[in-house]
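>>> Structure for this input, please:
(one chain, ligands or ions: 1)
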Amino acid sequence: MQETIQDIAIAMVAPGKGILAADESTPTIGKRLAGIEVENTEENQIKYRGLLFTTPEIEKYISGVIMYDETLHQSGKDGVSFPELLKSRGIIPGIKVDMGTEFFEGSDPSADGEKYTKGLDGLDERLKEYYKLGARFAKWRATFSISDELPTDSLINKNAEDLAEYAFVCQQNNIVPIVEPEVLMDGDHTIERCFEVTKQVLQVTFEKLKNRGVQLDGVVLKPNMVIAGQDAQKDTPETVADMTVKCFREVVPKDVSGIVFLSGGQTERQACENLNAMNSTDEMHPWELSFSYGRALQASTLKAWLGKDENIKNAQEVFLHRCKMTSMARSGEYSGDLEN
Ligand code: 5MM
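Take a look at the predicted model:
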């Protein structure tokens, strides 16, 4: 019998588990590889993704992996395709379906320089092909910069409408949509300003999802944490947790299957401390609060690998450790002492 989108969404946020975001587009993976002085070739991308996906025991902590279009079509050195390999390990293959961002010409003149996410053209056909290749969930990321004037209402509306259309088309194809409205950490804004913007973005997004008839129990939300800008003074994990849960309780409907946070530029430890505090708070909430980290699961692994075959085993140990620490944070059992 075919699994329902609700079954898949529940499996994506199973206890102790979360999602690995390994869907860096070609330019983004190029930046990550440049950081360890490795050339951005297809061979190196396959080697690196193979290292991640064959790490022993990650299935204990990782429920699903988001891949980029090319990765979904690639195979590791034993010839098994990446989605098949993941599936054989009990990990659900996922696919990023947005096509990046483009400058937005909104009705509001201060929208100048803002970017919206594109990718609705041909989405239905692409999803049908991705389903055949094994993908059971998808991801679409819309970003919002914070300044005194930004984000504009017109950008929030545009991105939210497109997120809703994307989610609707995914569900029509039996694919769970991860809805990712990301309020970016760039800048020196306060946590209060992030709260205000995140609340507005989520409010409008859920309004549009509802109007489009998207089934919320077949949606996984991938939001930013409510957190001060990168260049501002850091708040304690308890403050981040309280503000985030408070914000979500105000605007996220209880039917949503689960919440998987992005790390957004936080360090690996910071992303664990904040997630752990959220899962330890007394504030009641109806959702699983899990993770879908990219950088905060991969940064130390990349440094341990450095593009060298002889480092693969050590890099996999580093990656497994990161998955375990993040899983513990997702269960409220993390402490910095466990890092060593
Ligand atoms: C892994 O990076 C994803 C793809 O980014 P590009 O479209 O820029 O190539 C990104 O969407 C990622 O899934 C989210 O930002 C979460 O990753 P972080 O590093 O913020 O946890």
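>>> What ranges does the stretch 1-150 of the chain have for its helices?
Secondary structure of the stretch 1-150 of the chain by DSSP state H, counting those that start in this stretch: the helices cover 5-12, 26-34, 42-53, 69-73, 82-88, 123-132.
>>> Compare those helices and give me the one nearest the ligand.
Closest approach to the ligand among the helices of the stretch 1-150 of the chain (CB to the nearest ligand atom): helix 26-34, 3.1 Å. C-betas here are computed from N, CA, C, even on glycine.
>>> Would you pull up how far the closest one lies from the middle of the chain?
Centroid separation between helix 26-34 and its chain, computed with CA atoms, centre = their mean, to the nearest Å, is 17 Å.
>>> And stretch 193-207, by the same measure?
18 Å.
>>> Average pLDDT for it, rounded please.
Mean per-residue pLDDT for stretch 193-207: 98.
>>> And for it, what's in contact with it?
144, 146, 151, 156-157, 159-160, 163-164, 179, 181, 183, 216, 223-224, 226-229, 243, 246-248, 250-253 (CB atoms under 8 Å, 6 or more residues apart in numbering).
>>> Would you mark the buried spots in that stretch?
Within stretch 193-207, the residues that count as buried by 16 or more other CB atoms under 10 Å are 193-206.
>>> before we move on, what about stretch 81-88?
By 16+ other CB under 10 Å, the buried positions in stretch 81-88 come out as 81-83, 85-86.
>>> Reformat those residues as a markdown table; add distance to Gly307 and pLDDT.
Converted to a markdown table, those look like this (distance: CB to CB, whole Å; pLDDT from 0 to 100):
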| residue | distance to Gly307 | pLDDT |
| --- | --- | --- |
| Ser81 | 23 | 98 |
| Phe82 | 19 | 98 |
| Pro83 | 25 | 98 |
| Leu85 | 21 | 98 |
| Leu86 | 23 | 98 |
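>>> can you redo the helices of the stretch 1-150 of the chain as a markdown table with distance to Ser327?
Output for the helices of the stretch 1-150 of the chain, formatted as a markdown table (distance: least, CB to CB, whole Å):
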| stretch | distance to Ser327 |
| --- | --- |
| helix 5-12 | 14 |
| helix 26-34 | 22 |
| helix 42-53 | 16 |
| helix 69-73 | 23 |
| helix 82-88 | 17 |
| helix 123-132 | 27 |
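>>> right, so of those, which gets closest to Asn311?
Closest of the helices of the stretch 1-150 of the chain to Asn311 is helix 42-53, at 9.2 Å (criterion: CB to CB).
>>> What parts of the stretch 101-250 of the chain come near the ligand?
Contact residues (CB under 6 Å from any ligand atom) of the stretch 101-250 of the chain with the ligand: Arg141.
>>> and the buried residues of stretch 193-207, which of them are in helices?
Among those, DSSP state H puts 193-206 in helices.
>>> Pull the distance from the helix or strand bottoming out on mean pLDDT in the chain to the chain's centre.
When the helices and strands of the chain are scored by mean pLDDT, DSSP states H and E, strand 101-103 comes last with a mean of 94. Relative to its chain's centre, strand 101-103 lies at 20 Å (CA atoms, centre = their mean).
>>> Mind listing residues that contact that strand?
Contact with strand 101-103 is made by 113-118, 143, as judged by CB under 8 Å, 6+ apart.
>>> can we see that at 6 Å?
Strand 101-103 has contacts (CB atoms under 6 Å, 6 or more residues apart in numbering) with 115, 117-118.
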